[in-house]
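K.L.:
I would like the atomic coordinates for the input below:
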Amino acid sequence: MTSQTAILGAGVMGEALLSGLVRAGRRVDRLMVGEKRPERAHELEERYGVAVLDNRSAAAKADTIALVVKPQDMADLLEEIAPVLRPGVLLVSLAAGITTAYIESRVPEGVAVVRVMPNTPALVDEGMTAISPGSHSSEADLAEVETLMSSVGKVLRIPERQQDAVTAISGSGPAYIFFVVESMIEAGVHLGLPRATATDLVIQTLVGSGKMLRETGTHPTVLREQVTSPGGTTASALRELEVHKVRAAFLAAMEAARDRSRALAQGS
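P.N.:
So this is what the prediction gives:
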């Protein structure tokens, strides 16, 4: 029997996963999408050539099912598809804060669950995904999830107890980076640069710095020190960041994101 994968939820991350799988060579006749909105269904069928069904029909035909919905929508989705699930099916949850135990308690015995925390750079195949096994998932299940998510970036296996921290670091992380970029561009404008010039300067600086981190393997502290001459311009700037407690602000922000992830798991 040919293995079938269903993606339930065709928002930004759902489509990112779909497009990544297609680019990675996954046959479209082995992919399905669950989508209720007719206009969106037609759009996906035209763009990717995949079958778009209702959630229950897609779940009934699939061996691997990616649950790509908001945390607050997970209970309704599980109630909808649980009657057609069978032992041996693999559920891959991409919903922040939702534990494998939560899902396992709402589906038939023997259904494997793997928890996944991706991030939006998956849209350009540079995502960072952390995966954690549930109580019934096997090595083969984890390998399948790694294959799915590696189509849109890098994948790490972690214990589930670390998922809330991962959500705070890489799941929400792109927003922090975009916030810094936005702030630097505004500063450039304040310093007299045209907005387009400031934008080019900041974005290329970000891309180049990220590439240095990844390709050199050098610790960020060492790279920072290489830019920071004693008594120079960078040292003056970094002193202001320390005065304004930027490190402490990042820590507080990520603690808040972790705590919110925990609250989502408790239904808050």
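K.L.:
quick one: low-confidence parts of the protein?
P.N.:
1-2, 267-268 (pLDDT under 70).
K.L.:
tell me how far the residue lying farthest from the centre of it lies from residue 239.
P.N.:
In the chain, counting by CA atoms, centre = their mean, residue 231 sits farthest out from the average C-alpha position, at 40.5 Å. Taking CB to CB, to the nearest Å as the measure, residue 231 falls 11 Å from residue 239. No exception for glycine: its C-beta is placed from N, CA and C like everyone else's.
K.L.:
same check, this time on residue 150
P.N.:
From residue 150 across to residue 239, the span is 42 Å (CB to CB).
K.L.:
now do the same contact list for residue 125.
P.N.:
20, 23, 151, 152, 153 (CB atoms under 8 Å, 6 or more residues apart in numbering).
K.L.:
out of those residues, which sit inside strands?
P.N.:
Those of these mapping onto strands are residue 153, per DSSP state E.
K.L.:
I figured residue 264 hits residue 70, correct?
P.N.:
No: in this structure, residue 264 is not within contact of residue 70 by CB atoms under 8 Å, at 9.5 Å.
K.L.:
which of those two has more neighbours?
P.N.:
Neighbour count, other CB atoms under 10 Å: between residue 264 and residue 70, residue 264 has more, with 20 against 13.
K.L.:
now the more buried one: which helix or strand?
P.N.:
helix 246-265 (DSSP states H and E).
K.L.:
what residues does the helix or strand residue 208 falls within touch?
P.N.:
Under the criterion of DSSP H and E, residue 208 resides in helix 195-216. The contact list for helix 195-216, computed with CB under 8 Å, 6+ apart, reads 177, 181, 184, 185, 187, 188, 189, 193, 218, 220, 223.
K.L.:
give me the subset of those that lies in helices.
P.N.:
177, 181, 184, 185, 187, 188, 189, 220, 223 (DSSP state H).
K.L.:
how about the fourth one: what's its closest non-neighbour residue?
P.N.:
Taking CB to CB, 6 or more residues apart in numbering, and ignoring the residues beside it in sequence, residue 185 has residue 198 as its nearest neighbour in space, at 4.8 Å.
K.L.:
if we can go back for a sec, who are the packing partners of the helix holding residue 264?
P.N.:
Under the contact criterion of 3 or more CB pairs under 8 Å, 6 or more residues apart in numbering; DSSP states H and E, helix 246-265 touches helix 163-166.
K.L.:
go with 10 Å
P.N.:
Helix 246-265 sits against helix 163-166, helix 173-190, helix 233-243, with contacts defined as 3 or more CB pairs under 10 Å, 6 or more residues apart in numbering; DSSP states H and E.
K.L.:
which one of the ones you listed lies nearest to residue 62?
P.N.:
Evaluated over the helices and strands packed on helix 246-265, closeness to residue 62 peaks at helix 163-166, with 23.9 Å, by CB to CB.
K.L.:
what's in contact with that closest one?
P.N.:
96-100, 115-117, 119, 128-132, 156, 158, 160, 171-173, 254-255, 257-265 (CB atoms under 10 Å, 6 or more residues apart in numbering).
K.L.:
all set, thanks.
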